[in-house]
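Participant: Got a predicted model here, sequence first, then my questions.
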Amino acid sequence: MCGIAGFIGYNNKNLLAEQANIIQKHRGPDNQSVWYDEYISLAHQRLSIIDLSEAANQPMQKSDFVIIFNGEIYNFKELRSTHLNGVSYTTQSDTEVVLDMLIKYGEKCLDFFIGMFAFAVYNKSSHEVFPARDHFGIKPLFYTSTEQGFAFASELKTLLIVPDFNRTINIKSLTACLNYLWIPGNNTMFENCFKLPPSHYLKIDANNHLEIHKYWELKESIISEKEDVLIKQLGKVIDESIKRHLIADVPVSSFLSGGLDSSLISVVAKKYNPNLSTYTIATANKDKRIERMPSDEKFAKFLSGKFNFDYNEILIDADIIKILPLIVKSLDEPIGDPAAINTFLMCSALKAKGVKVVLSGMGADEVFFGYRKMKALLIAKKYKNYPGFIKMILELVVAHLPVRILGKGFRLSRWSKKFISFANLPFDEAYRMSYSYYSHEELKKLLNNNHDDKVDNLIIDHARIFNEKYQKDIINQMCYTDINMFMVGLNLTYTDRSSMAASVEVRVPYIDKDVISTGMGIPGEFKFRNKESKYILKKAARKYLPDKIIYRPKASFGAPIRSWISNDLKDYVDDLLSMENIKKRGYLNADYVKDIIEKDRAGKEDNAYRIYQLLTLELWFREFVDKTYPCYN
C-alpha cells in the first residue's frame, strides 16, 4: 500500500514530485522516491507489505517502462507462474508482475488482476502514460488538467500545489455532499479536478491528449436458483478471497465487531493464520446514553473466547475538538460520516502496536442486502397500500415524537421519522431519500443563489444508476445502487483516507471481483427471505459461526455523533456555524442553518449529522480553500 503522484509539462515538475512525497508521506513512510525525465516526474511513497527489500522500492523501471503502484494484486504469484513464464525477475513484489503484465498484454492486463490498485505506467520511448484504477475504487486516484500540464495523485491535497490549479468550487459536488454527506461519482469539490472512476483507465499521449476508457463492468446474470448450490458457491469464493487477502510479508490482523461480516472474515482468516490478532471498538458509557449505541464488545469477546483470538479492545473516547480538523484534512473531501474517526483511531492504535495490515468486513451489506434502509423500502411498498386515514394518524403521531428528552436519545423515534419522510414516494426516489439528509425542497432552501438545477441533478444522477441494471429484481437493484453509490462514494473513500493517514493498509475481502460477481449473481429472493436480511450469507456462515453471532441484532459502524454535537462540539458549532461565518462564506442560507441547530437542541429534530456535516464543510473550506499551498512542513 502506497501513495503515487505524477506531473507532466510543468516547469517545476521535479520540485512538485519532491513536495508530493512530503505531502503524502503518511501513505508510505518506509520509502519516498522520485523519478523524472524531460517529460514527466513521478513520485512514490512506500508502505512495505510484499517483498520488504529495497529492490522493490518504486518508481520501478524495466525496459522502456516506469511504474508507480499503490495497492495489492492478490493473485500476482499465479499470474507470474501462468502468464509470465520465462520472464526474469529482480524482486518478489506484485509491482514487478503488474509491469510485466502490462508490457505483455497492454491494457488487457487489467482483466487478469484481482486486488486493489491505482497505478501509472510511463513509456519512456513514446511518452505515453497509462494510469488505471481497480474494479470498485478501493484505491483513489485524482487528476487535473491545467494550462501548464497534467497532474495526478493519490490525494487531492497534493494537486493543490500545482501552480495554476483552479480552486473554483463545484456547486454540484457541494450540493451532493450536503445531501449525502459525501460526493458520488467522479467529481470533486473543485471544478477542474476529478477522480478516475472505478474500472477505468486513462491514456495520455505525448501531446497531453487524454482518453478515458472503462475496462470492466458487473454482468447481470444468475448463477443458480438452488439454495444449496448458492450456499456452496458463495462459501467457496469468500473462503478463497479471505485466503488471498492474507498474502503479505508482514503480520495481518482483523477488525472484529462481533457482527456477522467481520466475524466470518476473522474466523476464516484464523484458519489460515493461527496467530491472528483482532481489534474491537468500545464506546464510552457517557456517549452510549445519548446515542443508544449497541455494545459490540460482548459479542466480540464471546467470539474471541470461542476461537482463541489475540483480542484487543480500543476505547473510542476521542478529543473530538482536536481530531476533527485533522480528519477533515486527511479525508480531502467534506465527508460528514464520523465513522472515519473510528477508522483513524483504530488504525492509529494498530500502528502503535506495529501492525501494518488489517482486514475489514466492509462491502457485505451492500452486496448481500444488509442495511436497514433496504428492508425499510420493502416495508414502505406495503405501507403505500395502507388506508389513508391510518397513514394520516400514524404520520401525525410520528411528527410529534421527540427524538431526545433530558439528554436521552430515542432511536425508534429517529427511525420512525426517517421512514415517514420517504414511505409515500416512488420507489427510486424513496431509496435516494432513505440516505439523504434533506428533502428536495429543504436542500433548495439550504443553498443560496438559486442552485435548483444542481439539486435536480442529484435526482437525475441517482435515477440513472438505480435503473441501470437489475430492473426485474428490486433487491439486487438496491444492492447494485449501493455498490456504485454508497460503497464507492463513502465507505471506501473514508476507509482509504483515514487508514492511510495512520499508515495502515485496510483490506476488504468482500469487495473482491469474484465475491461481488458471485454475490450479484444470487437472486434477490435469497438475500432477503423469511424477513431475514443477508439470508444467503448467513446460511453460508453457519459452517463457521454460532447462531448467537449470525443472528444478533445489526449494529452500525458509527461514532457517538449525537453526544458530540450535544456536548463536546457545542461551542464549536456556535463558533464555526455562526450567522456571521455562514453569511461570509456565502454558499448557505444562514437563517436555515440556525433553524437546523435550534431544532436539534430542542429535541424536536435529529439534526446531528446535518450539523456535523456543516462543521466538516466549514473546516474543509478553511483547509483547502482559504490556505495558501504548499503549506506542509
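Facilitator: Received it, and whenever you're ready, just let me know what you need.
Participant: Am I right that residue 401 sits in a strand?
Facilitator: No: secondary structure assignment (DSSP: H, G, I helix; E, B strand; the rest coil) places residue 401 in coil, not in a strand.
Participant: got the phi/psi numbers for it?
Facilitator: phi -70, psi 130 (degrees, to the nearest 10).
Participant: So it is in contact with residue 416, correct?
Facilitator: Yes: with contact defined as CB atoms under 8 Å, residue 401 reaches residue 416; the gap is 6.3 Å. Any C-beta I mention is one placed from the backbone N, CA and C, and that applies to glycine too.
Participant: Tell me which helix or strand in this structure has the weakest average pLDDT.
Facilitator: Using mean pLDDT, DSSP states H and E, the weakest-scoring helix or strand in the chain turns out to be helix 285-291, at a mean of 52.
Participant: what's in contact with the next helix or strand after that one?
Facilitator: Of the helices and strands lying after helix 285-291 in sequence (DSSP states H and E), the nearest is helix 297-307. Under the criterion CB atoms under 8 Å, 6 or more residues apart in numbering, residues 256-259, 263, 266-267, 270, 278, 280, 282, 309, 311, 313, 545-546, 548-549, 552 lie in contact with helix 297-307.
Participant: right, and the helix or strand after helix 297-307?
Facilitator: strand 310-316.
Participant: what's the spacing between the most centrally placed residue in the chain and residue 485?
Facilitator: With distances taken as CA atoms, centre = their mean, residue 492 lies nearest the centre of the chain, 1.7 Å away. Remark: distance between residue 492 and residue 485 (CB to CB, to the nearest Å) = 11 Å.
Participant: Just the C-alphas of stretch 198-218, formatted as PDB.
Facilitator: Extracted in PDB, the C-alpha atoms of stretch 198-218 (Å, rounded to 0.1, in the frame of the first residue of the first chain):
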ATOM      1  CA  PRO A 198     -13.500   2.600 -10.700                       C
ATOM      2  CA  SER A 199     -12.900   0.100 -13.600                       C
ATOM      3  CA  HIS A 200     -11.400   2.800 -15.700                       C
ATOM      4  CA  TYR A 201      -8.000   3.700 -17.200                       C
ATOM      5  CA  LEU A 202      -6.600   6.800 -18.800                       C
ATOM      6  CA  LYS A 203      -4.400   7.100 -21.900                       C
ATOM      7  CA  ILE A 204      -2.300  10.300 -22.100                       C
ATOM      8  CA  ASP A 205      -0.200  10.700 -25.200                       C
ATOM      9  CA  ALA A 206       2.900  12.900 -25.800                       C
ATOM     10  CA  ASN A 207       0.600  15.900 -26.700                       C
ATOM     11  CA  ASN A 208      -1.300  15.600 -23.400                       C
ATOM     12  CA  HIS A 209      -4.300  14.300 -25.200                       C
ATOM     13  CA  LEU A 210      -6.400  12.400 -22.700                       C
ATOM     14  CA  GLU A 211      -8.700   9.400 -23.300                       C
ATOM     15  CA  ILE A 212     -10.700   7.600 -20.600                       C
ATOM     16  CA  HIS A 213     -11.900   4.000 -21.000                       C
ATOM     17  CA  LYS A 214     -13.900   1.600 -19.000                       C
ATOM     18  CA  TYR A 215     -12.300  -1.900 -18.900                       C
ATOM     19  CA  TRP A 216     -14.800  -3.900 -16.800                       C
ATOM     20  CA  GLU A 217     -18.400  -3.900 -15.600                       C
ATOM     21  CA  LEU A 218     -20.600  -6.200 -13.500                       C
END
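Participant: ok, and what's touching that stretch?
Facilitator: Residues outside stretch 198-218 that contact it (CB under 8 Å, 6+ apart) are 8-9, 39, 107, 110-111, 126-137, 143, 145, 149-150, 196-197, 469, 480, 483, 488, 513, 516-517, 520.
Participant: Any buried residues in that stretch, and which?
Facilitator: Under the neighbour-count criterion of 16 or more other CB atoms under 10 Å, stretch 198-218 has 198, 199, 200, 201, 202, 204, 216, 218 buried.
Participant: Under the pLDDT cut-off, which ranges of the chain? List them.
Facilitator: Filtered on pLDDT under 70, the chain yields the residue ranges 1, 283-295, 403-410, 556-558, 629-633.
Participant: quick one, domains of it?
Facilitator: 2-214, 227-369+474-550 (automatic domain parsing).
Participant: Quick one: distance of the longest one to the chain centre.
Facilitator: The reference is to domain 227-369+474-550. The gap between where domain 227-369+474-550 is centred and where its chain is centred comes out at 12 Å by CA atoms, centre = their mean, to the nearest Å.
Participant: How is residue 34 classified with respect to secondary structure?
Facilitator: At residue 34 the chain is in strand, as set by three-state DSSP.
Participant: Spit out the contact partners of it.
Facilitator: 14, 17, 18, 21, 41, 42, 43, 44, 59.
Participant: and it, bridged to which residues?
Facilitator: Taking DSSP bridges as the rule, residue 34 bridges to residue 43.
Participant: Residue 504 versus that one, what's the distance?
Facilitator: When residue 34 is compared with residue 504 (using CB to CB), they lie 24 Å apart.
Participant: and what of residue 93?
Facilitator: Counting by CB to CB, the gap from residue 93 to residue 504 is 20 Å.
Participant: Looks to me like residue 518 is in a helix.
Facilitator: Yes: applying three-state DSSP, one finds residue 518 inside a helix.
Participant: the helices in the stretch 201-350 of the chain, which residues?
Facilitator: 227-244, 260-272, 285-291, 297-307, 320-331, 339-352 (DSSP state H, counting those that start in this stretch).
Participant: Which one of the ones you listed lies nearest to residue 585?
Facilitator: Of all the helices of the stretch 201-350 of the chain, helix 320-331 sits nearest to residue 585, with 15.1 Å by CB to CB.
Participant: now for that closest one, which elements pack on it?
Facilitator: helix 339-352, helix 492-500, helix 608-621 (3 or more CB pairs under 8 Å, 6 or more residues apart in numbering; DSSP states H and E).
Participant: Most tightly packed of these?
Facilitator: helix 492-500 (a mean of 25; mean count of other CB atoms under 10 Å).
Participant: And for that one, what's in contact with it?
Facilitator: Contact partners of helix 492-500, identified using CB under 8 Å, 6+ apart, comprise 1, 3, 26-27, 136-140, 155, 182, 327, 330-333, 335, 337, 339-341, 343-344, 347, 358, 360, 362, 505-506, 508, 511.
Participant: Buried ones in whichever helix or strand residue 549 is part of, by neighbour count?
Facilitator: Element membership for residue 549, per DSSP H and E: helix 547-550. Across helix 547-550, burial judged by 16+ other CB under 10 Å covers 549, 550.
Participant: For that helix, name the packing helices and strands.
Facilitator: By 3+ CB pairs under 8 Å, 6+ apart, helix 547-550 packs against helix 260-272, helix 297-307.
Participant: Could you check how far the closest residue to residue 270 other than its chain neighbours is from residue 368?
Facilitator: Computed as CB to CB, 6 or more residues apart in numbering, the closest residue to residue 270 that is not its neighbour in sequence is residue 276, at 4.7 Å. Residue 276 is 23 Å from residue 368, where distance means CB to CB.
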